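J.: my questions are about this predicted structure, shown below with the sequence.
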Amino acid sequence: MTRTALPQLLRPRALVPGDLVVVAALSGPLAAGYAPDLERAVAEIERMGFRVRLAPLLEAGRHRWWSAARPDEIAKEFNGLLRDPEVRAIVAHDGGHTVFGYLDLIDFDAIRADPKPILGYSDISLLHLVLYARTGLVGFHADLATPGLGGYWQRASAAHREELRKLYSTLLTGTEAIGALPTGPSWECWRTGRAEGPLIGGVINRIVLAQATPFALPLERFDGAVLFWEELGGHASHVWNYLQILRHSGILDRIAGMVVGVPEAIDGLDSPDGSPTLAEIVLDVLGDRDIPVLGNVETGHAGPNLPMPVGVRAALDAEERTLSLLEPAVRPHPTPERAG
């Protein structure tokens with residue numbers, strides 16, 4: 001059987017000051033009460049030196065069921081942004097429960113022709129996984145606009161907010177590897193060891209569900225990867241079962257390391273009735289797989305996010321509690337040809 005070649009890593013073009021960043025409703029709606037948070041998010045992006053525009057579907061109070069609009073409407077707007085040469089990056093306003101509804105409507109050719117940074121987590125992590133699988137696009141698993149830049153960031157200290165602003169700006173504009181990400185006090189070594197490999201991950205339920213679709217990542221994509229994941233809500237037993245699915249699928253036998261985000265609102269964790277910790281759940285499913293595991297990293301729903309660019313090589317040292325980006329997430333601008 002002939003094996004289909006995997007797409008090469010597709011880096012977006014580096015942003016420059018003054019570039020247009022569009023905030024779009026790629027999944028959930030904007031509740032009227034969160035409109036001020038969106039305004040604060042816009043201000044944060046502008047402080048990074050970019051122009052900002054809101055996509056038309058991002059209208060306070062507009063919704064269709066649990067979504068900002070019908071899936072085909074969201075796909076139409078998203079594809080328009082992908083095709084618009086003036087738009088240099090897209091930031092999802094929020095997560096939600098809609099991306100599965102329009103995976104088959106995405107213009108993948110537009111992404112290949114003009115790759116752009118797409119930022120977000122939660123339901124948007126599904127988008128990163130699928131675009132990486134189909135085109136090789138680097139996905140920017142990073143803070144959403146409304147709950148992140150306009151919410152969590154505003155509750156952080158001024159120094160931490162400035163650190164995040166510089167980190168995000170450098171990731172989007174810099175063509176050199178960032179190196180070590182800022183280590184947080186919550187980081188824990190759950191299993192010692194070192195690993196280097198491409199970052200792949202997102203919300204664990206989206207990773208599992210994506211693998212059940214025609215848009216699944218080929219298993220070879222997980223060879224030597226550093227798998228990062230987090231989860232919001234549900235029960236500890238759900239997480240245990242998601243990890244068991246990754247075990248059955250062979251993914252846990254292929255990865256080189258694991259980074260686990262801070263859990264958020266998961267019932268049945270570390271309670272007085274003898275419930276397990278998240279570390280115990282992870283190590284229980286991993287069994288004797290000798291891979292490093294770094295736990296309680298700021299990636300996901302629990303607060304301001306460290307950016308985790310999907311597809312970019314990273315180095316993990318669990319015992320030293322370090323995670324470093326070994327490659328840039330964007331590519332340089334083409335050098336103009338000089339007249340002869």
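T.: Good, I have the coordinates.
J.: mind checking how far the spatially most central residue of the chain is from residue 114?
T.: Averaging the C-alpha coordinates of the chain gives a centre point, and the residue nearest to it by C-alpha atoms, centre = their mean is residue 141 (1.7 Å). From residue 141 across to residue 114, the span is 21 Å (C-beta to C-beta, to the nearest Å). Every C-beta, even on glycine, is put in place using the N, C-alpha and C of the backbone.
J.: and the residue nearest to the centre of the chain, its phi and psi?
T.: The main-chain torsion angles of residue 141 are listed as degrees, to the nearest 10 and equal phi -70, psi 100.
J.: could you find the closest non-adjacent residue to it?
T.: residue 308 (4.3 Å; C-beta to C-beta, 6 or more residues apart in numbering).
J.: can I assume that neighbour is in contact with residue 142?
T.: Yes - applying C-beta atoms under 8 Å as the test, residue 308 and residue 142 come out as touching, 7.3 Å apart.
J.: tell me where this protein has helices.
T.: 35-47, 71-83, 108-113, 123-135, 153-155, 158-173, 204-210, 236-248, 251-254, 278-286 (DSSP state H).
J.: from those helices, which stretch is densest packed?
T.: helix 123-135 (a mean of 24; mean count of other C-beta atoms under 10 Å).
J.: next up, the contacts around the residue lying closest to residue 237 once chain neighbours are set aside.
T.: The spatially closest residue to residue 237, leaving aside those adjacent along the chain, is residue 268, at 6.4 Å (C-beta to C-beta, 6+ apart). When the contact criterion is C-beta atoms under 8 Å, 6 or more residues apart in numbering, the partners of residue 268 are 235-237, 275.
J.: on that earlier part again, in the sheet, who's paired with the residue nearest to the centre of the chain?
T.: According to DSSP bridges, the residues that bridge with residue 141 are residue 120, residue 308.
J.: quick one: pLDDT of it?
T.: According to the predicted model, the pLDDT of residue 141 comes to 98.
J.: quick one: it from residue 232, how far?
T.: When distances are taken as C-beta to C-beta, residue 141 and residue 232 turn out to be 14 Å apart.
J.: just residue 315 next, same as before
T.: Distance from residue 315 to residue 232, by C-beta to C-beta: 27 Å.
J.: the closest residue to residue 129 other than its chain neighbours: what's it in contact with?
T.: Spatial nearest neighbour of residue 129, excluding adjacent residues (C-beta to C-beta, 6+ apart): residue 210 at 5.1 Å. Each residue near residue 210 by C-beta under 8 Å, 6+ apart is listed here: 126, 129-130, 216-217.
J.: do that again at 6 Å, thanks
T.: 126, 129, 216 (C-beta atoms under 6 Å, 6 or more residues apart in numbering).
J.: and residue 258, by the same measure?
T.: 227, 293.
J.: so what pairs up with it in the strands?
T.: For residue 258, the residues forming beta bridges with it (DSSP bridges) are residue 227, residue 293.
J.: isn't residue 199 up against residue 315?
T.: No - counting by C-beta atoms under 6 Å, no contact exists between residue 199 and residue 315, whose distance comes to 10.5 Å.
J.: have a look at these two and say which one is more surrounded.
T.: Neighbours per residue, other C-beta atoms under 10 Å: of residue 199 and residue 315, the larger number sits with residue 199, 27 against 18.
J.: number of nearby residues for the residue nearest to residue 141?
T.: For residue 308, which is what you asked about, the neighbour count (other C-beta under 10 Å) is 31.
J.: can you check residue 59 too?
T.: For residue 59, the tally of surrounding residues (other C-beta under 10 Å) stands at 16.
J.: for the residue lying closest to residue 38 once chain neighbours are set aside, what are its contacts?
T.: If you skip the residues right next to it in sequence, residue 38 has residue 146 as its closest partner in space, 4.9 Å away by C-beta to C-beta, 6+ apart. Neighbour list for residue 146: 34, 37-38, 41, 93-94 [criterion: C-beta under 6 Å, 6+ apart].
J.: let's see 8 Å
T.: The neighbourhood of residue 146, defined by C-beta under 8 Å, 6+ apart, consists of 30, 34, 37-38, 41, 93-94.
J.: show me which of those residues is closest to residue 24.
T.: For the contacts of residue 146, the residue nearest residue 24 by C-beta to C-beta is residue 93; the value is 6.6 Å.
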